[in-house]
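Novice: here you go, sequence then predicted model.
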Amino acid sequence: MRQVVIYPGEDGCWVVECPTLPGCISQGRTREEAIGNIREAIEGYIIALEQDGLPVPEEPFELLTVAV
């Protein structure tokens, strides 16, 4: 399980990033498409780390929303 951040991009697409996996970022025309794309990106990222014999980073934080 991984935390992701999703936000609207400048080009009208949705951008989604996984902060604990540096460089793991994707996008989609809709939120649903972006979420599906980041799932695939995370899976591929972890498989590549494992194939290279590298450790998979832990998910060391929790996500909070602060209203101001």
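Specialist: Nice, I can see it.

Novice: tell me the centre residue of this structure?
Specialist: By C-alpha atoms, centre = their mean, the chain has its centre lying nearest to C18, at 2.8 Å.

Novice: show me the contacts for it.
Specialist: R2, Q3, V4, C24, I25, I38, A41, I42, Y45 (C-beta atoms under 8 Å, 6 or more residues apart in numbering). Backbone N, C-alpha and C define where each C-beta goes, glycine included.

Novice: and the pLDDT at the fifth one?
Specialist: Translated: I25. The per-residue pLDDT reported for I25 equals 97.

Novice: nearest residue to it in space, please, no chain neighbours.
Specialist: E17 (4.6 Å; C-beta to C-beta, 6 or more residues apart in numbering).

Novice: neighbours around that neighbour, how many?
Specialist: By other C-beta atoms under 10 Å, the residues close to E17 number 19.

Novice: check contacts around it.
Specialist: V4, V5, C24, I25, I38.

Novice: apply 10 Å and report the result again.
Specialist: Q3, V4, V5, I6, Y7, G23, C24, I25, S26, Q27, I38, A41 (C-beta atoms under 10 Å, 6 or more residues apart in numbering).

Novice: let me know the pLDDT of it.
Specialist: 97.

Novice: likewise G12?
Specialist: pLDDT, read off for G12, is 93.

Novice: measure it to A67 for me?
Specialist: Distance, G12 to A67, by C-beta to C-beta, to the nearest Å: 27 Å.

Novice: also G23?
Specialist: 31 Å.

Novice: name the nearest residue to the residue nearest to the centre of the chain, sequence neighbours excluded.
Specialist: Counting by C-beta to C-beta, 6+ apart, the residue nearest C18 is C24, at 4.2 Å.
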